[in-house]
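Undergrad: dropping a prediction and its sequence here:
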Number of protein chains: 2
Amino acid sequence: MKKLINAVDTVLAESLDGFAAAHADIVTLDAERKFIRRAKLTPGKVGLVSGGGSGHEPLHAGFVGLGMLDAACPGQVFTSPTPDQMIAAAEAVDGGAGVLFIVKNYEGDVMNFEMAAEMVAEMTGRKIMKVVTDDDVAVETSTYSTGRRGVAGTLIVEKIVGAAAEEGRHLADLKALGDRVNSRTRSMGVALTSCTVPAAGTPTFSLSEDEMEMGVGIHGEPGRRRVQLAHADAIADEIVSAIAGDLGESGDAILLVNGFGGTPAMELYVMYNAARTRLEKHGIKVRKSLVGNYVTSLEMAGCSITVSLLDDDTVKLWDAPIRTAALRWGM
Amino acid sequence: MKKLINAVDTVLAESLDGFAAAHADIVTLDAERKFIRRAKLTPGKVGLVSGGGSGHEPLHAGFVGLGMLDAACPGQVFTSPTPDQMIAAAEAVDGGAGVLFIVKNYEGDVMNFEMAAEMVAEMTGRKIMKVVTDDDVAVETSTYSTGRRGVAGTLIVEKIVGAAAEEGRHLADLKALGDRVNSRTRSMGVALTSCTVPAAGTPTFSLSEDEMEMGVGIHGEPGRRRVQLAHADAIADEIVSAIAGDLGESGDAILLVNGFGGTPAMELYVMYNAARTRLEKHGIKVRKSLVGNYVTSLEMAGCSITVSLLDDDTVKLWDAPIRTAALRWGM
């Protein structure tokens, strides 16, 4: 295993310390490292909390800040955070208007966020609601999920709901908005190589020199099928058809081409170019774009394509100012 | 070779088309794909032009926009752009106040930018000056350079000089500022794996499972020595000592931990954490931070550390608003 680390046991803590020090103008790390939260909270606003296994950076800690999340709970690599992390984060960011959990649909995460929500409600009477994202069209159920997996589309839900929370919208409205954005968002990915979880020390899976995994999940879990390596255009054909067919609607959209961590920007822009022209043939017009490593699987080579349909409300929320470690515009 | 491309011959063109389409609010691609320039130029300002081989994205095209470059010329992968690209870019962005070329110290780039400067001056009488960056302390001369190589510190020169150009400073002052920032900036890198140039089809070099290349260049060219894989702290010790020793000064600084393309964010933050604490022992206080893939070598695993000493003028210029595809703040 070739990694820039000191020890398997300390990699998460050291990385969180580095992250908090590098972005001290935006975030603060809890003393017990249970969560990352905004350095400055906005009183009276609904608190937005997300989290999940580490190894997908910048998701979620990189999306904490004005206009997006209030806190993120980092689990061990590819492992759900624990309910006590979520409870501590919820208590730290609730300004009196309640807390919304944004959860990727993986069994461990959903179970722990549910448990945390029940315990917080019981102990403190705080209002807690949750949005579960399940944007991955690749598989209907998977290794770690009942139902579709929540993947890169989660970023879009977090951005749009984050902007709405900043406007002072109420908890139930934010929950409804999050569900609506999720229902209009679809993703699918492809892997060219595996990744290595530090604690495991060996690659999660293996692909031969001429193979790729179509529909891969963000932990390297299997997708639709293992096939021969294809050209960018052929990959974009399959993914865009799957997404557009499943959406069943056309219109204006965000196109997110997300690198899994080991793919050069040059290739991501080749995929973006291929996806964009194909979406237009399906009547989907790309109004907003994001290309880069946002929801990664450590150093896995490959990418996912996410399409999220926009309306007059959500396009304004997407454009609203944001200041996080990983996304920043309008301020 | 596992890459998300259609063909070796078209990867650069398709990637540029994708880049220009994704960031059409910020940049425009020249019809012959000779350069990327700002979508909206500021009249009367000195034009800032950079460029170099592709494969280092987001450098340089990702740094075109308000507060940084006016144009960037993309060469083929790891190959200097040609003088006719630089001439076309200079003519497109000169608003009457002259043009400053910012050039990484590699023989091909320096020769071509010099040739372009002479030809533009001769043909049109435009004023052209250049800043050559040579921040890499790893080696005194290298495979592709006479003298030190220009690497990730180039980003810092481009940002600070870009902000000063936006203020309306004159060509000679910008040249002096660029030289000064370069003289106070030092970098050094380490590679854990090689990268594969699409046209070559095989890795540039090879490292065994327990080796790393200390002082590697951004094309995978050899550094100081090939040694056994070490812990993050030991790597940071060596790099920070080399940088601090060579700077010979302390004070406030920017710390840039730059991923080469194949290293997860988690590891970059471990390295940031290690570098920051070590710099403080050398009396260098980290005032500004940047962590991510900014000056890459395709999918190479590894990172570089850059330290740039700040003064009252340059810290303000660093903080000045910027809006490019890859860096954006204050607006």
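TA: Yep, that arrived. Residues are numbered from 1 along each chain as shown, chains lettered A, B, ... in the order given.
Undergrad: rest of the way, CA atoms for contacts and neighbours
TA: OK.
Undergrad: quick one: name the residues of the stretch 101-250 of chain A near chain B.
TA: Proximity of the stretch 101-250 of chain A to chain B is confined to A:192, A:209-210, A:229, A:231-233 under the rule C-alpha under 8 Å from any C-alpha of the partner chain.
Undergrad: please name the bridge partners of A:Gly255.
TA: If you look again at residue A:255, you'll see it is Leu, not Gly. For A:Leu255, the beta-bridge partners are A:Ser289, A:Val307 (DSSP bridges).
Undergrad: residue contacts, it?
TA: Counting by C-alpha atoms under 8 Å, 6 or more residues apart in numbering or on different chains, A:Leu255 makes contact with A:276, A:286-290, A:305-308.
Undergrad: farthest-apart pair in these, please.
TA: Farthest pair in the contacts of A:Leu255 (C-alpha to C-alpha) is A:Arg287 and A:Ile305. Separation: 15.1 Å.
Undergrad: and the two? Which one has more around it.
TA: Between A:Arg287 and A:Ile305, A:Ile305 has the larger neighbour count (other C-alpha atoms under 10 Å in any protein chain shown), namely 26 against 14.
Undergrad: in what helix or strand does the more buried one lie?
TA: Using DSSP states H and E, A:Ile305 falls within strand A:302-309.
Undergrad: how about the helices in the stretch 101-250 of chain A?
TA: Counting by DSSP state H, counting those that start in this stretch, the stretch 101-250 of chain A has these helices, from start to end: A:107-124, A:153-166, A:171-183, A:232-247.
Undergrad: among the contacts of A:Leu255, which one sits closest to chain B?
TA: Closest to chain B out of the contacts of A:Leu255 is A:Ser289 (5.5 Å), distances taken as C-alpha to the nearest C-alpha.
Undergrad: can you get me a residue count around the closest one?
TA: So A:Ser289, with other C-alpha under 10 Å, has 17 neighbours.
Undergrad: check A:Lys40 too.
TA: Neighbours around A:Lys40, by other C-alpha under 10 Å: 13.
Undergrad: low-confidence stretches in chain A?
TA: Low-confidence segments of chain A, defined by pLDDT under 70, are absent.
Undergrad: circling back: can I get the helices of the stretch 101-250 of chain A in TSV including mean neighbour count?
TA: Shown next, in TSV, are the helices of the stretch 101-250 of chain A (neighbours: other C-alpha atoms under 10 Å in any protein chain shown):
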stretch	mean neighbour count
helix A:107-124	18
helix A:153-166	25
helix A:171-183	19
helix A:232-247	19
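Undergrad: for those, which one sits closest to B:Met68?
TA: That would be helix A:153-166 among the helices of the stretch 101-250 of chain A, by C-alpha to C-alpha, at 26.6 Å.
Undergrad: got the angle between the closest one and helix A:171-183?
TA: 150 degrees (axes from the mean of the first three to the mean of the last three C-alpha atoms, to 10 degrees).
Undergrad: which other residues reach helix A:153-166?
TA: Contacts of helix A:153-166 with the rest of the structure, by C-alpha under 8 Å, 6+ apart, involve A:45-48, A:59, A:66-69, A:102, A:104, A:133, A:135, A:174, A:177-178, A:181-182, A:185-187, A:294-295, A:306-308, A:314, A:317-318, A:320-322.
Undergrad: buried only: go through the residues you listed for me.
TA: Burial by neighbour count, judged by 16 or more other C-alpha atoms under 10 Å in any protein chain shown, picks out A:45-48, A:59, A:66-69, A:102, A:104, A:133, A:135, A:174, A:177-178, A:181-182, A:185-187, A:294-295, A:306-308, A:314, A:317-318, A:320-322 from the contacts of helix A:153-166.
Undergrad: many thanks, I have nothing further to ask.
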